[in-house]
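# model the following, please.
(one chain, ligands or ions: 1)
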Amino acid sequence: MGKLTVLSGIRPTGYLHLGNYFGAVRSFVKMQNDYNCFFFIADIHSLTTHPTPEDLQSGVKQVLAEYLACGIDPEAATIFIQSDVPEVAELYTFLNMNAYLGELERTTSFKEKARKQPENVNAGLLTYPVLMAADIIIHKANFVPVGKDQEQNLEMARKFAKRFNRMYKKEVFPIPRPFTFDGGDMIKVPGLDGSGKMGKSEGNAINLYDTPKEIRKKVMRAVTDSGPTEMDQEKPEAIQNLFTLLKIVSTHDTVEHFDTLYNKCEIRYGDLKKQLAEDIIAYTSPIRGKIIDILEDEAYLAKVAKMGAEKARESASETLKEVKAVIGLKRLF
Ligand code: TYM
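The predicted structure is shown next:
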């Protein structure tokens, strides 16, 4: 039997941050040799935020270089740019006919965006999960490695795939599943501002491309409190977030060391932050070096994008042909 298919993507809205890396890209690298992998740059999705053409292009180039610097091998996996595969926009149109206003309006991410940016509640935002479903099912993906924040979008993709199969009484699409290593929970990397997740638009992100100086500055500014007052007390969210980050980048012993100090009310947050910053830097520095080198090699980037576009189009056009036949969009004359 052939390999199962994996697909995932990232919007090119700036630099990749630790959330993108630990929630998604690290899994891409781990999976690339065992599955038939498609990793793409979701430039069409990013249009909902109305980037300038210059920002869009530099964002695409940056994410491409960052994918490669993180260790995605363009020979093992198919790396491509979403807009290089126009078939996905066609499938998106078809899927939109069976996506309902009510279910789209109820999506948490839509409601959140509509609340945060009432001046730009466009139809692309509303149908964002439909385009995402098209991305996934056009390659008949079985698995989608994404962070916890994408859980609901993925649930919608499953729903649209099932609905299509049911409507046309044919198992055209496998039902895609989230992928987590060891069957564990989907990852959520917290931010440094004491709340929620790390995210570009939240302005609380540490990027792979940040210099050591920037990383130290960001970590030292992270929100804390005045310290524990009782032995073994529960950690408030801001402090828990620092420990979660520490768990991701530091050794078990380091985490335990600071945990013990916290429980004894002897912790000095400054020391914890210094350690956290250095451990993040140890993780990101080699990647940053590679990003810088790869960004300079335009010819290589162009070659990777072209190779990926060809492979992705081949897979997408095959599915689209089947979809059109199933729907009845065949030439009759
Ligand atoms: P995007 O660009 O917002 O994020 C890219 C990936 O990074 C993960 N991520 C996180 N994981 C854990 N903790 C965080 N703080 C964190 N922040 C971001 C996201 O879960 C995601 O895996 N809609 C997608 C892009 C997309 C896509 C797709 C993904 C379009 N089509 C098809 C998979 C399959 C998005 O906006 O991700």
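# which SS state does the residue in the stretch 201-333 of the chain that the ligand sits nearest to fall under?
The stretch 201-333 of the chain approaches the ligand most closely through residue 205 (8.1 Å), counting by Cβ to the nearest ligand atom. (Glycine included, C-beta is placed from N, CA and C.) Assigned state for residue 205: coil (three-state reduction, DSSP: H, G, I helix; E, B strand; the rest coil).
# quick check: chain neighbours aside, which residue is closest to it?
Leaving aside its sequence neighbours, residue 205 sits nearest to residue 17 (Cβ to Cβ, 6 or more residues apart in numbering; 3.7 Å).
# just to revisit the earlier point, what's near enough to touch the residue of the stretch 201-333 of the chain closest to the ligand?
With contact taken as Cβ atoms under 8 Å, 6 or more residues apart in numbering, residue 205 is in contact with 15, 17, 18, 19, 191, 198, 199.
# next: residue 72.
25, 28, 29, 32, 39, 79.
# tell me the spacing between the fourth one and the ligand.
Residue 32 sits at a distance of 15 Å from the ligand (criterion: Cβ to the nearest ligand atom, to the nearest Å).
# what does the last one give?
Residue 79 sits 14 Å away from the ligand, taking Cβ to the nearest ligand atom as the criterion.
# what about the longest helix in this structure?
Counting residues, the longest helix found in the chain (DSSP state H) is helix 298-327.
# can that one be said to contact the ligand?
No - applying Cβ under 6 Å from any ligand atom, one finds helix 298-327 separated from the ligand by no less than 12.6 Å.
# starting at the chain centroid, how far to that helix?
In terms of Cα atoms, centre = their mean, to the nearest Å, the centre of helix 298-327 is set 21 Å apart from its chain centre.
# please apply the same query to stretch 69-85.
Distance of stretch 69-85 from the chain centroid (Cα atoms, centre = their mean) equals 14 Å.
# pull out the buried positions in that stretch.
69-70, 72, 74, 77-85 (16 or more other Cβ atoms under 10 Å).
# filter those down to just the ones in strands.
Mapping the buried residues of stretch 69-85 onto strands (DSSP state E) picks out 78, 79, 80, 81.
# including pLDDT, could these go into TSV?
Below are those laid out as TSV (pLDDT from 0 to 100):
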residue	pLDDT
78	98
79	98
80	98
81	98
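# so which of the contacts of residue 205 is the closest to the ligand?
Closest to the ligand, out of all of these and judged by Cβ to the nearest ligand atom, is residue 19, at 2.7 Å.
# test my guess that that closest one contacts residue 196.
No - using Cβ atoms under 8 Å, residue 19 makes no contact with residue 196, being 10.5 Å away.
# same for the helix or strand containing residue 256, what does it pack against?
Taking DSSP states H and E as the definition, residue 256 sits inside helix 252-263. Here helix 252-263 touches helix 237-249, helix 269-296, going by 3 or more Cβ pairs under 8 Å, 6 or more residues apart in numbering; DSSP states H and E.
# out of those, which gets nearest to residue 226?
Distance to residue 226, taken as Cβ to Cβ, is lowest for helix 269-296 among the helices and strands packed on helix 252-263, at 9.5 Å.
# can you give me every residue that contacts residue 109?
128, 149, 152, 153.
# quick one: the ones in strands among the buried residues of stretch 69-85 as CSV, columns for distance to residue 167 too.
Shown next, in CSV, are these (distance: Cβ to Cβ, whole Å):
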residue, distance to residue 167
78, 29
79, 33
80, 29
81, 31
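# before we move on, the earlier item: higher neighbour count, residue 19 and residue 196?
Neighbour count, other Cβ atoms under 10 Å: between residue 19 and residue 196, residue 19 has more, with 24 against 14.
# got the phi and psi for residue 7?
phi -140, psi 140 (degrees, to the nearest 10).
# how confident is the prediction for it, by pLDDT?
According to the prediction, residue 7 has pLDDT 98.
# what count of nearby residues applies to the nearest residue to it once chain neighbours are set aside?
Counting by Cβ to Cβ, 6+ apart, residue 7 lies nearest to residue 141, which is 3.8 Å off, once chain neighbours are set aside. If you count neighbours by other Cβ under 10 Å, residue 141 ends up with 27.
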